[in-house]
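Undergrad: Got a predicted structure plus its sequence, pasted below:
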Amino acid sequence: MSGSPPQPPSSNPPPPAFHPPAKEETRRSPRIARVVELVLEHRFISYVAESIIISAHGALIQTSQSFPPGVSVLVTNPALGMTIPGRVVSIEQGDVEGLFALAVEFNRPAAALLGDAYKP
């Protein structure tokens, strides 16, 4: 039989299987479960609120007022006297009756708004 001589096995390992990054790895900033007293303002009316989960780019905020997605709000940390604009991304019924959980995205990174509470 004529043909090519057998080739020695390759010394290069096979390429690793592709595994897409986990959802947490694709976030712009880490999330932390932390309660921070906040105030939400919409159309010059203020609502008492508190964070459930925080990150430098947004927060899951619990409040008694429901807002539809897309609504612009001001988020204030009264303890620090800091305010940042944001928008409601989504809303769910909260764990407590009469409360809503709003996912709010800040217009710019705002870790300072959360003070010492945000230490990833």
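TA: Cool, got the structure. Numbers count the residues shown, from 1 in each chain.
Undergrad: pLDDT below threshold where in the chain?
TA: Judged by pLDDT under 70, the chain has its weakly predicted residues at 1-29, 111-112, 114-120.
Undergrad: Can you show me the strands along it?
TA: With DSSP state E, the ranges of strands along the chain come out as 32-33, 37-42, 45-55, 58-63, 72-77, 82-93, 100-106.
Undergrad: Same list, those, but as JSON lines with distance to L113 and mean neighbour count please.
TA: Where you see a C-beta, it was placed from the backbone N, CA and C, and this is true even at glycine. Converted to JSON lines, the strands of the chain look like this (distance: least, CB to CB, whole Å; neighbours: other CB atoms under 10 Å):
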{"stretch": "strand 32-33", "distance to L113": "13", "mean neighbour count": "13"}
{"stretch": "strand 37-42", "distance to L113": "9", "mean neighbour count": "18"}
{"stretch": "strand 45-55", "distance to L113": "9", "mean neighbour count": "18"}
{"stretch": "strand 58-63", "distance to L113": "9", "mean neighbour count": "24"}
{"stretch": "strand 72-77", "distance to L113": "5", "mean neighbour count": "19"}
{"stretch": "strand 82-93", "distance to L113": "5", "mean neighbour count": "16"}
{"stretch": "strand 100-106", "distance to L113": "7", "mean neighbour count": "20"}
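Undergrad: Now do V89 against N107, distance only.
TA: V89 sits 12 Å away from N107, going by CB to CB, to the nearest Å.
Undergrad: With S72 instead?
TA: With CB to CB as the criterion, S72 and N107 are 9 Å apart.
Undergrad: any residues in contact with both of those two?
TA: Counting by CB atoms under 8 Å, 6 or more residues apart in numbering, the shared contacts of S72 and N107 are P85, G86, R87.
Undergrad: Just send the residues you listed back as CSV, with distance to L60 too.
TA: Shown next, in CSV, are the shared contacts of S72 and N107 (distance: CB to CB, whole Å):
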residue, distance to L60
P85, 17
G86, 12
R87, 14
